[in-house]
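Engineer: Task: produce atomic coordinates for the following.
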Amino acid sequence: MIDTLKIFAGSSHQAFTEEICRHLGIMPGRLEVSRFSNDNLWIQIRENVRERDVFVVQSFTEPVSDHILELFIILDALRSASAKRITAVIPYFSYARSDKKDAPRISITGRLVADLLRTAGADRVLTMDLHSDQVHGFFSMPVDHLTAIPTIASHVRRQYPLDQAVAVATDAGAAKRVGRFAEYLNIPMAIIDKRRVSDTKVKHGLVVGEVADRDAFIFDDEIAAGSTVVSTVQILRDAGCRSIYAAATHTVLCGPAVERLRECPVQGIIGTNTVALPDSKRLPKLTTLSVAPLFAEAIKRIHTGESVGALFT
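Structural biologist: This next block holds a predicted model:
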């Protein structure tokens, strides 16, 4: 059945798609992307996809709007080319942060993008560690929601002693996710009382839980501007932690994040390759784990009709 499987790469993270294809033993699909003189995108699928099971890999990374529009055009081109089923593989779904109406006269953009994926031609979505579980419900199509928690937890278990470790949630909203991380490692957890002032500013309060003389592992779904990590590290140092590490599925590292984290007294940062990082953002203290094998296995199971949830049981 692998002969009917096709995987195409958007321009956001082609190396990730190539790694997925290597694990599956197939070549990435061929497509051509160019621009007209007025900057409009032009995309052509360069091989036959009629009655094929097609997957398109595209992370919502900078420039986010360009990558989203490119994905929409690829999906529409595949639908016009009579693909049997089209799955949008979105390792990092950045608009999952726009998941509620927390100010007057704003868009719940996570739901809007989910609707547009359906309109563009996606029959299903494969993604990883959405910002909040409720975003799953925005989609009017099947969604397979992977998690990097086992991958990161296994790395931590191999590399660090855990007899005095504690998992730390940066706010109450992250407690469920960090609870699963703590269960994998069989360690206690603590929660920071955090209030988000703006997209780049946060205000922290007290630590709920025992962290003094412990090795703290901050865990979150993403590290974007780095402000949450920096302020959390300072609070944990003040609370008496002997060492502090940060881990997240999506190491986006946008804006001033690299400078902030370079100066931050965090012993190490652990992330995955859902986002393509240029060399300028590859900090010496950053360890990047590959989740491409996990995506490859999920794609194979979707293609063959096997359970994806069984990967985590």
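Engineer: Now stretch 173-186: buried residues?
Structural biologist: 174-175, 177-178, 180-182, 184-185 (16 or more other C-beta atoms under 10 Å). Bear in mind the C-beta positions are built from the backbone N, C-alpha and C, glycine included.
Engineer: next one: stretch 143-158
Structural biologist: Neighbour counts over stretch 143-158 (16+ other C-beta under 10 Å) mark 143-149, 151-153, 155-156 as buried.
Engineer: Keeping just the C-alphas, turn that stretch into PDB.
Structural biologist: C-alpha atoms of stretch 143-158 as PDB (Å, rounded to 0.1, in the frame of the first residue of the first chain):
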ATOM      1  CA  VAL A 143      -7.500  15.300  13.800                       C
ATOM      2  CA  ASP A 144      -4.600  13.100  15.000                       C
ATOM      3  CA  HIS A 145      -2.900  15.000  17.900                       C
ATOM      4  CA  LEU A 146       0.600  13.700  18.600                       C
ATOM      5  CA  THR A 147       2.700  14.600  21.700                       C
ATOM      6  CA  ALA A 148       6.400  14.900  22.200                       C
ATOM      7  CA  ILE A 149       6.100  14.300  26.000                       C
ATOM      8  CA  PRO A 150       7.400  10.600  25.800                       C
ATOM      9  CA  THR A 151      10.300  11.600  23.500                       C
ATOM     10  CA  ILE A 152      11.400  14.500  25.800                       C
ATOM     11  CA  ALA A 153      10.800  12.500  29.000                       C
ATOM     12  CA  SER A 154      12.900   9.600  27.700                       C
ATOM     13  CA  HIS A 155      15.800  11.900  26.900                       C
ATOM     14  CA  VAL A 156      15.600  13.500  30.400                       C
ATOM     15  CA  ARG A 157      15.500  10.000  32.000                       C
ATOM     16  CA  ARG A 158      18.600   8.900  30.100                       C
END
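Engineer: where's that stretch relative to the chain centroid, distance-wise?
Structural biologist: The chain centroid and the centroid of stretch 143-158 are separated by 11 Å under C-alpha atoms, centre = their mean, to the nearest Å.
Engineer: And the average pLDDT for that stretch is what?
Structural biologist: Regarding stretch 143-158, the rounded mean pLDDT is 97.
Engineer: quick one: contacts of it?
Structural biologist: Stretch 143-158 has contacts (C-beta atoms under 8 Å, 6 or more residues apart in numbering) with 124-130, 136, 162, 177, 180-181, 184-185, 217, 219, 245, 247, 249, 270, 272, 274, 287, 289, 291, 294-295, 298, 302, 308, 311-312.
Engineer: if we go to 7 Å?
Structural biologist: Stretch 143-158 is contacted by residues 124-130, 136, 180-181, 184-185, 217, 247, 249, 270, 272, 289, 291, 294, 298, 302, 308, 312 when judged by C-beta atoms under 7 Å, 6 or more residues apart in numbering.
Engineer: L75 against T87, yeah?
Structural biologist: No. Shown here, L75 and T87 do not form a contact pair, counting by C-beta atoms under 7 Å, at 9.7 Å.
Engineer: any residues in contact with both of these two?
Structural biologist: A122.
Engineer: So which of the contacts of stretch 143-158 sit within strands?
Structural biologist: With DSSP state E as the criterion, strands contain 124-128, 217, 247, 249, 270, 272, 289 from among the contacts of stretch 143-158.
Engineer: where do the strands sit along the stretch 101-250 of the chain?
Structural biologist: 124-128, 143-146, 165-169, 189-196, 202-208, 215-223, 243-251 (DSSP state E, counting those that start in this stretch).
Engineer: where does this protein have low pLDDT?
Structural biologist: Within the chain, the ranges that satisfy pLDDT under 70 run 1-2, 194-205.
Engineer: The same query, at a cut-off of 50, please.
Structural biologist: Scanning the chain for pLDDT under 50 picks out nothing.
Engineer: Okay, the residue of it most remote from its centre and H13: tell me how far apart.
Structural biologist: For the chain, the residue at maximal distance from the C-alpha centroid (C-alpha atoms, centre = their mean) is S37, at 33.5 Å. Note on S37: its distance to H13, by C-beta to C-beta, to the nearest Å, is 28 Å.
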